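S.K.: What shape does this take:
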Amino acid sequence: MSIRARRPDEAGTWGNLSADSLMTHIVAAETPYTLYFMEEVTARPGWAWEPREVTPGCRPVMEIAGIDRRLIGWRSIRRQQIEDALPVLTARYEERQGHAPGERASYALACQAADRHARPSAPSCCR
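M.R.: Below you'll find the model as predicted:
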């Protein structure tokens, strides 16, 4: 399926949107939504947010302040299973391809790891 749109040229011709260009702007598009969501959740019940580092070196995940870390750890078992599977999948990729995975391949490998450890009732991250 392609996404058709009118080009901003003078003739008003039609063309396909590039998924690559859309992906480059996804964080910029997601940020206002996330900020609005956080504002609404904060305003109504009066909760606060705090950053939590999930992956060292990556931007933190914002979560509701005051959640007991033991509860987060208990719910993070699947995440640990995914993180444990990822190096194995990455090594297999490097062996097959002869190089380290790029950004897209890394994302696909993370999805594979998540699919292998999906909760039965949870949807896959990549479907």
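
S.K.: After the lowest-mean-pLDDT helix or strand in the chain, heading C-terminal, what element do we hit next?
M.R.: The helix or strand of the chain with the poorest confidence is helix 69-75; it has a mean of 69 (mean pLDDT, DSSP states H and E). Note on helix 69-75: by DSSP states H and E, the next helix or strand toward the C-terminus is helix 77-97.

S.K.: on contacts alone, who are the packing partners of that next one?
M.R.: Here helix 77-97 touches helix 103-116, going by 3 or more C-beta pairs under 8 Å, 6 or more residues apart in numbering; DSSP states H and E. For the C-beta atoms, the positions are set from N, CA and C on the backbone; glycine is no exception.

S.K.: Now do the helix it packs on against helix 77-97, angle only.
M.R.: Here helix 103-116 runs at an angle of 130 degrees relative to helix 77-97 (axes from the mean of the first three to the mean of the last three C-alpha atoms, to 10 degrees).

S.K.: Helix 103-116: which residues count as buried?
M.R.: For helix 103-116, the neighbour count (16 or more other C-beta atoms under 10 Å) marks 109-114 as buried.

S.K.: Tabulate the CA atom coordinates of it in PDB.
M.R.: The C-alpha coordinates for helix 103-116 follow below in PDB (Å, rounded to 0.1, in the frame of the first residue of the first chain):
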ATOM      1  CA  GLU A 103      19.700   1.000  12.800                       C
ATOM      2  CA  ARG A 104      16.900  -0.800  10.900                       C
ATOM      3  CA  ALA A 105      18.400  -4.200  11.300                       C
ATOM      4  CA  SER A 106      18.900  -3.600  15.000                       C
ATOM      5  CA  TYR A 107      15.200  -2.600  15.300                       C
ATOM      6  CA  ALA A 108      14.200  -5.800  13.400                       C
ATOM      7  CA  LEU A 109      16.400  -7.900  15.700                       C
ATOM      8  CA  ALA A 110      14.800  -6.300  18.800                       C
ATOM      9  CA  CYS A 111      11.400  -7.100  17.400                       C
ATOM     10  CA  GLN A 112      12.400 -10.700  16.800                       C
ATOM     11  CA  ALA A 113      13.600 -10.900  20.400                       C
ATOM     12  CA  ALA A 114      10.300  -9.400  21.600                       C
ATOM     13  CA  ASP A 115       8.300 -11.800  19.500                       C
ATOM     14  CA  ARG A 116      10.100 -14.800  21.000                       C
END
